[in-house]
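Asker: Provide a 3D model corresponding to the input given below.
(2 chains)
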Number of protein chains: 2
Amino acid sequence: MLLKGLSAFPITPSDAAGQVDTATLGRLVAPLAAAGVDSIGLLGSTGTYPYLSRAERRRAVDAALEEVSGRVPILVGVGALRTDEAVRLAQDARAAGAAAGLLAAVSYTPLTEDEVFEHVSTVLRESGLSLCLYDNPGTTHFRFTSALVGRLSGLPGIVAVKSPAPEAPAVAAHLAELRGAVPDGFSLGYSGDWNAVEALLAGGDAWYSVIAGAFPQIALAIVRAVEGGDAAEARRLNARLEPLWGLFREFSSLRVVYASLDILGICRAKPPRPILPLEGAARQRVTEVLLSLDLSR
Amino acid sequence: MLLKGLSAFPITPSDAAGQVDTATLGRLVAPLAAAGVDSIGLLGSTGTYPYLSRAERRRAVDAALEEVSGRVPILVGVGALRTDEAVRLAQDARAAGAAAGLLAAVSYTPLTEDEVFEHVSTVLRESGLSLCLYDNPGTTHFRFTSALVGRLSGLPGIVAVKSPAPEAPAVAAHLAELRGAVPDGFSLGYSGDWNAVEALLAGGDAWYSVIAGAFPQIALAIVRAVEGGDAAEARRLNARLEPLWGLFREFSSLRVVYASLDILGICRAKPPRPILPLEGAARQRVTEVLLSLDLSR
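Answerer: A predicted model of the protein is given here:
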């Protein structure tokens, strides 16, 4: 199984014109590989993929792949509003050497299940890139049903799904329903850092993690505790992060991670407009939480 | 008031690669001008603006403006995910001769009110194009509050808002709340064809109409009845269209209009993938409704 354990999702630093700062991206990606994450999720939602042009996305992929030079598989966001554009992005990612593509059902006109099935199967067929389905209704406003995941999982090359982690009491049922719909070896992973640890403990295969894209050590410690059967330690470490999860829920993980990297002097990049950097009281609260946690990279 | 009465929103015919068929677009726009609609809403959601490149959007604007040659003001969709791209689109629309821009709060990462305020005010400032705010939560997943509309309406050049028409019992309150927030002369218009006539009867200034982009005559008859004080006639004409409104609600007005134009041999263009043309039973139902209505252009 390609996508298991911890997948770390870094931001993609870019300037006001949308040009990717590949040197800084390399400096963000290097500690992830050094820490030993199981994969890197480049150009995910945290990596602002829909805000970047095809050319800039290609530059980002090349820079990250060069930085990790085969030490860690890289999953690359290939989502786009148009099917033909997603095809080209998946072709680019495959040509560059990505391990798999992460394909969201980006929408403007709300999409039907048949439309998303055709979209995904076209990208798969025309790129030959292994794909992880990206279920992110908070941004795409399309929700993959387990029936649709099951239907798509029958296509060779569709290898995983990244779902938003439900609240803890619901995650076992969510996993059981998906397991019943997909073949053996299909990876069921979760995003939404604040609920992801319970999803792993319930048997989820992977944590697609925003915090790990900036501060891999604490997320790795949690994942290794889960893998070692030490649920109590995983929960203890996760509980320490609750003040950060609260900020993620309130301001979005993307805005909080940009602010955190800026506050700590790691990366001065701002999110693409219209997204604004956190300022004033919000930024102050991020600063206080960072001071209380002393996160290492 | 620039935006009042009937604004007709045509599709933008394009090929599988996203190239606009400007000759066919001209043939779609010509009957709108000939029928005497009050404005044309080019590159709205029905005009698939977010699926088209800047260059193709510019070609569409040039073709439509050339076709109507000043007979009807053209409102041009200038929305984009990135603020800098929306600025460029608004600059293009202004340079081409558009009467105003239609600016939606297109989002991927959900946006805050402050972010949308900055986005809109930046586009206004850097383009100098008059703007109609485009509140379309069904596609953008951002809802303009009356407070935000009020705040933006204080900027010279923000001249109108296009809101989704609430159900009939709620429209008077919606209008009253907006009227209390905006200056005199600010245009309050509605989209969502199936509820728009009651919104006009309740005092709305404009109907941003999908049906009028394909079949202007029936929509014009309704608007002229409202303007003439004949609510009964407006409602009688609108009631005739209820079978069509039912299809709009079920399949989206965009898919139904593409199917209608194809069925009637007016335009063979398909919507941009991943959106699929209606087929089978759905298409058959559109055919039956069209036959029962005998819409003229």
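Asker: ok, which stretches of chain A are strands?
Answerer: In chain A, the segments counted as strands under DSSP state E are A:5-8, A:39-42, A:74-77, A:100-104, A:131-134, A:158-164, A:187-191, A:206-209.
Asker: Each with direction, which strands does the fourth one pair with?
Answerer: Paired with strand A:100-104 in the same sheet, following DSSP bridges, are strand A:74-77 (parallel), strand A:131-134 (parallel).
Asker: Let me have the ones you listed in JSON lines, extended by mean pLDDT.
Answerer: Listed next are the strands paired with strand A:100-104 as JSON lines, based on pLDDT from 0 to 100:
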{"stretch": "strand A:74-77", "mean pLDDT": "98"}
{"stretch": "strand A:131-134", "mean pLDDT": "98"}
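Asker: so which of those strands comes closest to residue B:14?
Answerer: Closest to residue B:14 of the strands paired with strand A:100-104, according to Cβ to Cβ: strand A:74-77, at 25.3 Å. Bear in mind the C-beta positions are built from the backbone N, C-alpha and C, glycine included.
Asker: And the closest one, how far out from the chain middle?
Answerer: For strand A:74-77, the separation from the chain centroid amounts to 9 Å (computed by Cα atoms, centre = their mean, to the nearest Å).
Asker: Residues contacting it, please?
Answerer: The contact list for strand A:74-77 (Cβ atoms under 8 Å, 6 or more residues apart in numbering or on different chains) reads A:3, A:7, A:39-45, A:47, A:49, A:57, A:61, A:64-65, A:68, A:93, A:96-102, A:104, A:132, A:134.
Asker: surely residue A:221 meets residue A:237?
Answerer: Yes - the criterion here is Cβ atoms under 8 Å, and residue A:221 meets it with residue A:237 at 5.6 Å.
Asker: which one of these two has more residues nearby?
Answerer: residue A:237 (19 against 15; other Cβ atoms under 10 Å in any protein chain shown).
Asker: Now do the helix or strand bottoming out on mean pLDDT in chain A: everything it contacts.
Answerer: Across the helices and strands of chain A, mean confidence by mean pLDDT, DSSP states H and E is lowest for helix A:137-140: a mean of 95. Defining contact as Cβ under 8 Å, 6+ apart, one finds that helix A:137-140 is touched by A:45, A:79, A:104-107, A:134, A:143, A:164, B:107-110.
Asker: Of the strands paired with strand A:100-104, which stretch is the most buried?
Answerer: strand A:74-77 (a mean of 30; mean count of other Cβ atoms under 10 Å in any protein chain shown).
Asker: just to revisit the earlier point, PyMOL command to pick out the buried ones of the contacts of strand A:74-77?
Answerer: Of the contacts of strand A:74-77, the buried ones can be selected in PyMOL as follows, counting by 16 or more other Cβ atoms under 10 Å in any protein chain shown:
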select buried, chain A and resi 3+7+39+40+41+42+43+44+45+47+49+57+61+64+65+68+93+96+98+99+100+101+102+104+132+134
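Asker: measure stretch A:235-251 end to end?
Answerer: Stretch A:235-251 has an end-to-end distance of 23 Å (criterion: Cα to Cα, to the nearest Å).
Asker: buried stuff in it?
Answerer: Buried residues in stretch A:235-251, defined by neighbour count with 16+ other Cβ under 10 Å: A:235, A:237-238, A:241, A:244-245, A:247-248, A:251.
Asker: Next, format those residues as a markdown table and append pLDDT and distance to residue B:197.
Answerer: Conversion of the buried residues of stretch A:235-251 to a markdown table gives the following (pLDDT from 0 to 100; distance: Cβ to Cβ, whole Å):
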| residue | pLDDT | distance to residue B:197 |
| --- | --- | --- |
| A:235 | 98 | 58 |
| A:237 | 97 | 59 |
| A:238 | 98 | 55 |
| A:241 | 97 | 53 |
| A:244 | 98 | 51 |
| A:245 | 98 | 48 |
| A:247 | 98 | 47 |
| A:248 | 98 | 45 |
| A:251 | 98 | 42 |
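Asker: Out of those residues, list just those in helices.
Answerer: Among these, the ones falling in helices (DSSP state H) are A:235, A:237-238, A:244-245, A:247-248, A:251.
Asker: and the gap between residue A:262 and residue A:251?
Answerer: To residue A:251, residue A:262 is 14 Å away according to Cβ to Cβ, to the nearest Å.
Asker: oh, I was asking about residue A:155
Answerer: As defined by Cβ to Cβ, residue A:155 lies at a distance of 37 Å from residue A:251.
Asker: Which one of the strands paired with strand A:100-104 lies nearest to residue B:175?
Answerer: Set against residue B:175 and scored by Cβ to Cβ, those come closest in strand A:131-134, at 40.2 Å.
Asker: and the stretch 101-250 of chain A, which residues reach chain B?
Answerer: A:105-112, A:114-116, A:118-119, A:122, A:138-141 (Cβ under 8 Å from any Cβ of the partner chain).
Asker: again, only using 7 Å
Answerer: A:108-111, A:114-116, A:118-119, A:138-139, A:141 (Cβ under 7 Å from any Cβ of the partner chain).
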